[in-house]
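>>> Here's a sequence, model it:
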Amino acid sequence: MKKTRFTERTDGFCGLLSQKEGKAVIILTEDEYPDMFLVKKGMKWINQMGCSALGIGPEKSMKGLHNWPLESVENAVRYLKGIGYEKIGICGMSSGSNMALSAAARIPDITLTIGMTPMDWVYWGTYKDGLDGAPERPADGESAYTWRGKPLPHMHAPYPDYWNQVKAEAKRRGDLVAALDFHNLAEEKQPLTEDIMIPIENIQGRLLLAGAEDDVLWDTCRGIRRMEKRLKEKEHSCQCETLIYQHCSHFIFPESLIKLIIPAAAYDLLLPLIFKETKGYVQECRESRTDFDAHIRATVREWMEE
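Numbers count the residues shown, from 1 in each chain. Okay, the predicted model is just below:
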């Protein structure tokens, strides 16, 4: 399928579009450049559900995600509407869910929002520039995003040298990657004031959030429950569905997407090696992904038919 490329300089957003007739869904996968493997697989998965897919993200030259303008999403939405798409959704995975929720809360033309393993506060900026050998480091004083030229208030990293701390936590837990204690410490050190929370009550249309209790990257279920509480306390018009699974780890991706990335049997073997918490619960993790898959497909189908 033909893909169209976009750049910040010429189009106002960095993206890759794979078109089908019907609706369009923007996909965000952490802070990856839109041409990366996982983004392309996510786009193919969106296409399989009958929607055009637009993968967007920061330019490769940004080397991370820091003071990224959410207007990039707004410009992408404007482009899609300009070529005839009447319905536009957004889907984010892991840190990409933070990007998706933060954007959807400010762009009312987005009427479907899917957040996989979301957090309910705005993230700090990050660099992936290899300084001192660290694959990732916090961008001192920078938010992950800006809006209308101003950085969004955000949670701050609890300490600057966090890569070594995260590695130590993963080693202690027996996981390949873990940062639960790190994110818990961030919340302990900084009060959850209203200005750093994502105003999800502003999200329009359908909102689907999913997480697992055994996630050791961050406590996504705590964030989801706070978002449920927030919607009960504030006026909103979105139709929200939340899914919390006992077992699935941070990789709570729908089963049909997993199969596009890696053979299911190989994934079942690898998962306990990545997250020790899933050892002995591989079947339960697969059941969670399959159930989530069914919920996503039903939600997307109903949104397309509305």
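>>> Spell out the residue ranges of the helices in the chain.
Counting by DSSP state H, the chain has helices at residues 8-11, 37-48, 71-82, 95-104, 162-173, 180-189, 220-233, 255-261, 264-274, 282-305.
>>> Identify, out of the ones you listed, the most deeply packed stretch.
helix 95-104 (a mean of 27; mean count of other C-beta atoms under 10 Å). The C-beta positions use only the backbone N, C-alpha and C, and glycine is treated the same way.
>>> so what does that helix touch, helix or strand wise?
Contacts defined by 3 or more C-beta pairs under 8 Å, 6 or more residues apart in numbering; DSSP states H and E place helix 95-104 against strand 24-29, helix 71-82, strand 88-93, strand 110-116.
>>> Please tabulate those in CSV, including the columns mean pLDDT and distance to residue 56.
Converted to CSV, the helices and strands packed on helix 95-104 look like this (pLDDT from 0 to 100; distance: least, C-beta to C-beta, whole Å):
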stretch, mean pLDDT, distance to residue 56
strand 24-29, 91, 6
helix 71-82, 97, 5
strand 88-93, 96, 9
strand 110-116, 98, 13
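>>> and the ones you listed as JSON lines, adding distance to residue 151?
Output for the helices and strands packed on helix 95-104, formatted as JSON lines (distance: least, C-beta to C-beta, whole Å):
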{"stretch": "strand 24-29", "distance to residue 151": "19"}
{"stretch": "helix 71-82", "distance to residue 151": "13"}
{"stretch": "strand 88-93", "distance to residue 151": "20"}
{"stretch": "strand 110-116", "distance to residue 151": "22"}
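>>> Which one of those lies nearest to residue 280?
Proximity to residue 280, assessed across these by C-beta to C-beta, is greatest for strand 110-116 (23.4 Å).
>>> ok so, going back, who wins for proximity to residue 232 among the helices and strands packed on helix 95-104?
strand 110-116 (17.8 Å).
>>> burial of the closest residue to residue 15 other than its chain neighbours, as a residue count?
Nearest non-adjacent residue to residue 15, counting by C-beta to C-beta, 6 or more residues apart in numbering: residue 56, 3.9 Å away. By other C-beta atoms under 10 Å, 25 other residues sit near residue 56.
>>> residue contacts, residue 56?
6, 13-16, 26-28, 34, 72-73, 76 (C-beta atoms under 8 Å, 6 or more residues apart in numbering).
>>> hang on, the earlier thing: could I get the helices of the chain in JSON lines, plus columns for distance to residue 150?
Listed next are the helices of the chain as JSON lines, based on distance: least, C-beta to C-beta, whole Å:
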{"stretch": "helix 8-11", "distance to residue 150": "18"}
{"stretch": "helix 37-48", "distance to residue 150": "28"}
{"stretch": "helix 71-82", "distance to residue 150": "11"}
{"stretch": "helix 95-104", "distance to residue 150": "13"}
{"stretch": "helix 162-173", "distance to residue 150": "25"}
{"stretch": "helix 180-189", "distance to residue 150": "22"}
{"stretch": "helix 220-233", "distance to residue 150": "23"}
{"stretch": "helix 255-261", "distance to residue 150": "35"}
{"stretch": "helix 264-274", "distance to residue 150": "38"}
{"stretch": "helix 282-305", "distance to residue 150": "32"}
